[in-house]
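*Asks:* All I have is the shape, not the residue letters:
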Ligand code: SF4
Ligand code: SF4
């Protein structure tokens with residue numbers, strides 16, 4: 001995915017308008033059956049690779065709320081397709097927009113280990129004051 005919003009989210013929705021990929025939706029629009037929090041669509045998130053930092057994490061008032069997830073690429077197809085934490089969009093012509101079908105850009109300087117541990121985006125990129 002890219003990035004993931006965790007259960008410390010206060011549903012302020014400040015991140016939604018900041019996302020250049022329109023990847024974020026409010027809890028009420030979450031595709032998850034019992035989605036309680038603002039949700040990042042992994043099939044759309046581009047990790048803000050063209051910006052200094054991910055814009056969602058930069059604006060989020062809750063430290064540590066937004067964390068790294070795995071890259072949205074073919075190597076991590078199962079992680080996203082067989083996981084109840086996501087509902088991947090089905091395109092009318094292309095079918096399921098899985099990482100195999102529709103990989104997204106990701107930050108190569110964020111390691112696999114950092115992603116597996118779901119480290120905070122803000123901590124990793126030092127968005128917060130000491
Ligand atoms: S990292 Fe960037 S593209 Fe991904 S959800 Fe956050 S603002 Fe959107
Ligand atoms: S800005 Fe942070 S707290 Fe607000 S909705 Fe987005 S993830 Fe949740």
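*Replies:* Sure, I can see it. All values derive from a computational prediction rather than experimental measurement. Ligands and ions are numbered 1, 2, ... in the order given.

*Asks:* Quick check: end-to-end length of stretch 57-77?
*Replies:* This stretch, stretch 57-77, spans 25 Å end to end (C-alpha to C-alpha, to the nearest Å).

*Asks:* quick one: the strands in the chain?
*Replies:* 3-5, 24-25, 39-40, 66-68, 90-91, 95-96 (DSSP state E).

*Asks:* Near the nearest residue to residue 119 once chain neighbours are set aside, how many other residues are there?
*Replies:* Closest residue to residue 119 apart from its sequence neighbours, by C-beta to C-beta, 6 or more residues apart in numbering: residue 68 at 5.5 Å. Bear in mind the C-beta positions are built from the backbone N, C-alpha and C, glycine included. By the criterion of other C-beta atoms under 10 Å, residue 68 has 28 neighbours.

*Asks:* likewise residue 4?
*Replies:* 21.

*Asks:* Pretty sure residue 57 is one of the things residue 40 touches, is it not?
*Replies:* No - the criterion here is C-beta atoms under 8 Å, and residue 40 misses it with residue 57 at 10.7 Å.

*Asks:* Residues that sit against both of these two, list them.
*Replies:* residue 3 (C-beta atoms under 8 Å, 6 or more residues apart in numbering).

*Asks:* which ones are touching the residue nearest to residue 119?
*Replies:* So residue 68 contacts 2, 3, 4, 110, 114, 115, 118, 119, 120, 121, 124 (C-beta under 8 Å, 6+ apart).
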